[in-house]
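Engineer: here is my input; please provide its structure:
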Amino acid sequence: MSLDIVILAAGQGTRMRSALPKVLHPVAGQSMLGHVIDTARQLQPQRIHVVIGHGADLVRERLAADDLNFVLQAEQLGTGHAVAQALPALSAERVLILYGDVPLIEKATLERLLAQVGDEQLALLTVDLNDPTGYGRIVRDAAGVVQAIVEHKDATPGQRQICEGNTGILAVPGKRLGDWLGRLSNSNAQGEYYLTDVIAMAVADGLVVATEQPLDAMEVQGANDRIQLAELERHYQQRAARRLMAQGVTLRDPARFDLRGEVTVGRDVLIDINVILEGRVVIEDCVSIGPNCVIKDSTLRKGAIVKANSHLDGAELGEGADCGPFARLRPGAVLGAKAHVGNFVELKNAVLGEGAKAGHLSYLGDAEVGARSNIGAGTITCNYDGANKFKTVLGEDVFIGSNSALVAPVTLGDRATTGAGSVVTADVPVDSLAVGRARQRNIEGWKRPTKK
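Structural biologist: Below you'll find the model as predicted:
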């Protein structure tokens, strides 16, 4: 059966105390609304309709995509009113209602819910809570059949004792929705058009209201303030940690690990504490990542080692390569197999061949370093003249003395050597020594100045 999905994302979120629209606040590095949209896409609907209001232009700007239809709710008059704004664009046999501030909802839960929708049956996602304060209550008859949803503010003392709460997530037959929305009233404590009133209408029309529940109550937790946002963040990270450990990853402390994107892992991977993975990260077998590392949009080949306090962004480590501690690999940095980058070395758009080494205190930008070459401490490639960037090329088995400055564009042939402290401004032939420094002069009997 065809499917339209409506995501309600028009709320202001005053309790966030923020200029940013509530649904754009991040969980695991992505906006809450972005998470909901990603899950919605997995259900392969014919269209996703996002109802926006507060900060509408910014929401559109951040999340614009060809498969999204943004619908403006100029006045926030309730959930029923919000869905009604999308009604003219709905044509599918089933309509699923989601919420932009409920980011942890799972595809499998929604699939179970949608499986219960038919021409004469709708499906409601409910949750059992120890403290359902603030939730609409699911009212059932003596036989356990759903009769209605009563909002907390409108509930009687007896109804408030009900622990089954309404999550708001609802799947309905599309041909019925327009009629129900047209009959909504705002005669309630909030003066709003409640989508939940659709349930009583469906019952009165003779439809069955089926219910489904999430396996984890946090799937349906929304975020109205920073405290709830932090709770969602921690739960997301705990869930991500469990999934990685189930795939064979050792996390030294699952409570001190953060995933802010997508990661693909091999076997026997070790990740120490306070590691943050961002964007798209690929980690192959037997990789070890030390504490306090940030790894973004990078690939770590089999047996690679990232030592403590290193930062990788758009980098690739070859098999058995290692970097750190305190290494920074920027976009375009590539370490060949068994290459080594040590402490306080920065690479940008630089490729180190197999077995090449840059031990410490160096900057290599726009560079190509051949196999087994060795870069001495304090070496820099002078790749930028203030307007344009130029490339430095080192052949195989090159030895760069400490504190050398390689002024690009420059090429050093295989087995070339530079003397320590040299400024190299011209190409160096194969098997040659380049010394580019002032001649030393010793002044005997020189007296240091004294303090007056």
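Engineer: which stretch of helix or strand covers G279?
Structural biologist: strand 275-283 (DSSP states H and E).
Engineer: apologies, that question was intended for D397.
Structural biologist: Counting by DSSP H and E, D397 is part of no helix or strand.
Engineer: got a list of what it touches?
Structural biologist: Contacts of D397 were listed using CB atoms under 8 Å, 6 or more residues apart in numbering, and they are G370, A371, R372, S373, D414, R415. Every C-beta, even on glycine, is put in place using the N, C-alpha and C of the backbone.
Engineer: reformat those residues as CSV; add neighbour count.
Structural biologist: Converted to CSV, these look like this (neighbours: other CB atoms under 10 Å):
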residue, neighbour count
G370, 22
A371, 18
R372, 19
S373, 24
D414, 16
R415, 17
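Engineer: let me see the domain layout of this structure.
Structural biologist: Residue ranges for the domains of the chain, per automatic domain parsing: 3-220, 247-434.
Engineer: endpoints of the shortest one, how far apart?
Structural biologist: Using CA to CA, to the nearest Å, the gap from the first to the last residue of domain 247-434 comes to 52 Å.
Engineer: centre of the chain to that domain, how far?
Structural biologist: Remark: domain 247-434 is offset 24 Å from the chain centroid, using CA atoms, centre = their mean, to the nearest Å.
Engineer: now stretch 27-44
Structural biologist: How far stretch 27-44 lies from its chain's middle: 10 Å, per CA atoms, centre = their mean.
Engineer: ok, stretch 198-213 next?
Structural biologist: For stretch 198-213, the separation from the chain centroid amounts to 37 Å (computed by CA atoms, centre = their mean).
Engineer: ok, stretch 166-185 next?
Structural biologist: 33 Å.
Engineer: what's the end-to-end length of it?
Structural biologist: Taking CA to CA, the first and last residues of stretch 166-185 lie 19 Å apart.
Engineer: can you point out the buried residues in that stretch?
Structural biologist: The neighbour-count check on stretch 166-185 (16 or more other CB atoms under 10 Å) flags 166-174, 176-177, 180-181, 184 as buried.
Engineer: which one of the contacts of D397 is nearest to V265?
Structural biologist: Nearest to V265 out of those is A371 (CB to CB; 28.9 Å).
Engineer: can I take it that that closest one is in a helix?
Structural biologist: No: the assignment for A371, made by DSSP: H, G, I helix; E, B strand; the rest coil, is coil rather than a helix.
Engineer: out of all of them, which helix in this structure is the longest?
Structural biologist: When the chain is parsed with DSSP state H, its longest helix is helix 226-246.
Engineer: what helices and strands are in contact with that helix?
Structural biologist: strand 26-27, strand 249-251, strand 257-265 (3 or more CB pairs under 8 Å, 6 or more residues apart in numbering; DSSP states H and E).
Engineer: may I see the ones you listed organised as a markdown table, with mean pLDDT added?
Structural biologist: Formatted as a markdown table, the helices and strands packed on helix 226-246 follow (pLDDT from 0 to 100):
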| stretch | mean pLDDT |
| --- | --- |
| strand 26-27 | 98 |
| strand 249-251 | 98 |
| strand 257-265 | 97 |
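Engineer: out of those, nearest to I48?
Structural biologist: strand 26-27 (19.0 Å).
Engineer: what's in contact with the closest one?
Structural biologist: M32, H35, P103, L104, A223, L229, L232, E233, Y236.
Engineer: quick one: average pLDDT of stretch 239-246?
Structural biologist: For stretch 239-246, mean pLDDT is 97.
Engineer: buried residues of that stretch, list them for me.
Structural biologist: Across stretch 239-246, burial judged by 16+ other CB under 10 Å covers R239, A240, A241, L244.
Engineer: how much space between the second one and I149?
Structural biologist: Relative to I149, A240 is positioned 33 Å away (criterion: CB to CB, to the nearest Å).
Engineer: just send the domains of the chain back as JSON lines, with distance to W446 too.
Structural biologist: JSON lines is the format used below for these (distance: least, CB to CB, whole Å):
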{"stretch": "domain 3-220", "distance to W446": "59"}
{"stretch": "domain 247-434", "distance to W446": "21"}
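Engineer: pLDDT score for K452?
Structural biologist: K452 is given a pLDDT of 84.
Engineer: cool, Q190 as well?
Structural biologist: Note for Q190: predicted pLDDT of 85.
Engineer: what about it, distance to L181?
Structural biologist: Taken as CB to CB, the span from Q190 to L181 is 17 Å.
Engineer: returning to that earlier point: closest one to K338 out of the buried residues of stretch 239-246, please.
Structural biologist: Among these, and counting by CB to CB, the member closest to K338 is L244, at 26.5 Å.
Engineer: thought that closest one was touching V263?
Structural biologist: Yes: with contacts counted by CB atoms under 8 Å, L244 reaches V263, the gap being 7.2 Å.
Engineer: tell me which residue lies farthest from the centre of this structure.
Structural biologist: Computed with CA atoms, centre = their mean, the residue of the chain farthest from its C-alpha average is G445, at 65.2 Å.
Engineer: where's that one relative to K451, distance?
Structural biologist: 20 Å.
Engineer: coming back round to it: quick one: which of the buried residues of stretch 166-185 sit in helices?
Structural biologist: Those of the buried residues of stretch 166-185 mapping onto helices are G174, R176, L177, W180, L181, per DSSP H.
Engineer: which SSE is T39 in?
Structural biologist: Assigned by DSSP H and E, T39 belongs to helix 32-42.
Engineer: and that helix, what's its mean pLDDT?
Structural biologist: 98.
Engineer: counting contacts, what elements does that helix pack onto?
Structural biologist: Helix 32-42 sits against strand 3-9, strand 47-52, helix 56-63, strand 94-99, helix 107-114, with contacts defined as 3+ CB pairs under 8 Å, 6+ apart.
Engineer: what bridges to D322?
Structural biologist: I305, H340 (DSSP bridges).
Engineer: please read the previous query as pertaining to H311.
Structural biologist: Here H311, judged by DSSP bridges, has bridge partners V294, R328.
Engineer: now do the contacts for it.
Structural biologist: Contacts of H311 by CB under 8 Å, 6+ apart are C293, V294, I295, A327, R328, L329.
Engineer: could you export those residues as CSV, including pLDDT and neighbour count?
Structural biologist: Conversion of the contacts of H311 to CSV gives the following (pLDDT from 0 to 100; neighbours: other CB atoms under 10 Å):
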residue, pLDDT, neighbour count
C293, 98, 24
V294, 98, 19
I295, 98, 26
A327, 98, 28
R328, 98, 21
L329, 98, 27
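Engineer: which single one of these is nearest to E212?
Structural biologist: Comparing the contacts of H311 against E212 with CB to CB places I295 closest, at 37.8 Å.
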